[in-house]
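Peer 1: Sequence and predicted structure, then a few things I'm wondering about:
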Amino acid sequence: MKIAIVCYPTFGGSGVVATELGIALANRGHEVHFVTYKQPVRLELLGNNIHFHEVHVPEYPLFHYQPYELALSSKLVDTIKLFGIELLHVHYAIPHAYAGYMAKKMLEEEDIHIPMITTLHGTDITLVGKHPFYKPAVTFSINQSDVVTSVSENLKQRTLEFFNIKGDIEVVPNFIDKKKYRSSFTDCQRSLMAEDDEKIITHISNFRKVKRIPDIINVFYKVQRQLPAKLVMVGEGPEKEKAEVLCESLGIADRVIFLGNSNEIDRILCFSDLFLLPSESESFGLAALEAMINEVPVISSNAGGIPEVNRHGVTGYLSEIGDVEDMAKNALEILGDEKVLATFKANAREVALEFDILNVLPLYEAIYQKAYNGRFKSAYS
Ligand code: GMT
């Protein structure tokens, strides 16, 4: 099938999922066209089956805000016609579902009928989408999608709570590709990060407020008082500077390494012993799943869809949001005993394998086929 994928091309989870999905679809023989404003960060190889079309928004002094949705919908119309695209899959409702709907309507004028799948990722619903400024447009674009999927059961329920949704929402969980994650590198270069007797605790995110970065530092502060440890912080975002200041003031700056954004997540996770994700909102927690497939247990909050990924007492532990005391206690329980650590590590990988792309890709392919077969019907008719 010829599929156009719209996503954010950045390090954010939704962009990563969309990119990995596109790559997997291309490997299965589908022709995939990414339409976005920059080549997605995880899209390294453009081959016969993978194409990238840049959405360019020309600057015009009259525009106080540049009309990205307009440029995206026009680019979609052109790309769909030029390459004979059969299906549109938009990731993240704002503004992609809105722009996709406009493209669909423009194409209908020319008797071209393209089904649109919208995948909800989290903040497009829980944070931005439900804001009164966006809510009517988000509700409309969800209701006009031919199929709506959400990355967790929790996100589905929250979407149904916040919006007046007319049709069904199908849960298709996020995934990893087990082939890409070897269980051990021959050399993780652990010695670059820590001494032999030190445990390595890792956090990866976009350092936004919802990630509760100070909780990570405070959990680590408590842990490192009991056993030798290093904290590796990966990513960039608005809370990063404050986190560096907090480490200074707690006197642990020499034990916390801020790495910035990285394309080598699996290398970093390869030398990690524990992953921290104390978020106050998380539709799924892809970063936790990536940790788990690399045999890294997870200490997390119980927010949103995290419990669907991190299993309490099996792959790690869940605590109430903000309960740093409990998180530190749980971290010490896992890190303090090599046998316990080994069990949690093995469990983490085993549960992560449930989310292998081989199990998830057929769900998307079935949805695509059904939507394509019903393309002449209007949404939810
Ligand atoms: O977590 C973020 O801030 C990035 C955000 C995004 O929009 O890319 O991630 C969301 O989508 C990911 C992929 O589906 C999920 O794994 C994250 O849990 C979700 N983030 C939130 O719900 C806060």
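Peer 2: Looks like it arrived, so ask away. Predicted model only: the values in this text are computed from it and were never measured.

Peer 1: Give the pairing partners of whatever helix or strand His203 lives in; include direction for each.
Peer 2: In this structure, His203 is located in strand 199-204 according to DSSP states H and E. Strand 199-204 has its sheet partners listed here by DSSP bridges as strand 229-234 (parallel), strand 274-277 (parallel).

Peer 1: near the ligand at all, it?
Peer 2: No - using CB under 6 Å from any ligand atom, strand 199-204 stays clear of the ligand, coming no nearer than 10.3 Å. Backbone N, C-alpha and C define where each C-beta goes, glycine included.

Peer 1: what comes into contact with that strand?
Peer 2: Counting contacts by CB atoms under 8 Å, 6 or more residues apart in numbering, the residues outside strand 199-204 that touch it are 190, 193-194, 211, 213, 216, 220, 223, 227-235, 265, 268-269, 271-277, 287, 290-291, 296, 331, 335.

Peer 1: Buried subset of those residues as a PyMOL selection?
Peer 2: This is the PyMOL syntax for the buried subset of the contacts of strand 199-204, where burial follows 16 or more other CB atoms under 10 Å:
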select buried, resi 190+193+194+211+213+216+220+223+229+230+231+232+233+234+235+265+268+269+271+272+273+274+275+276+277+287+290+291+296+331+335
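
Peer 1: Quick one: the strands in the chain, in order.
Peer 2: Along the chain, counting by DSSP state E, strands occupy 2-6, 31-36, 50-54, 87-91, 116-120, 147-150, 170-171, 199-204, 229-234, 256-260, 274-277, 298-301, 316-319.

Peer 1: Using TSV, lay out these together with mean pLDDT and distance to His131.
Peer 2: What follows is those, written out as TSV (pLDDT from 0 to 100; distance: least, CB to CB, whole Å):
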stretch	mean pLDDT	distance to His131
strand 2-6	98	21
strand 31-36	96	23
strand 50-54	94	29
strand 87-91	98	19
strand 116-120	97	15
strand 147-150	97	19
strand 170-171	98	24
strand 199-204	98	27
strand 229-234	98	29
strand 256-260	95	30
strand 274-277	98	25
strand 298-301	98	23
strand 316-319	98	28
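
Peer 1: which one of the strands paired with strand 199-204 lies closest to Thr118?
Peer 2: strand 274-277 (25.9 Å; CB to CB).

Peer 1: that older thread, how about the strands paired with strand 199-204, which one is nearest the ligand?
Peer 2: Using CB to the nearest ligand atom as the criterion, the shortest distance between the ligand and the strands paired with strand 199-204 is 9.1 Å, found for strand 274-277.

Peer 1: List the contacts of the residue lying closest to Val16 once chain neighbours are set aside.
Peer 2: Closest residue to Val16 in three dimensions, ignoring its sequence neighbours and counting by CB to CB, 6 or more residues apart in numbering: Arg42, at 5.7 Å. By CB under 8 Å, 6+ apart, the contact set of Arg42 is Gly15, Val16, Thr19, Glu20, Ile23, Asn263.
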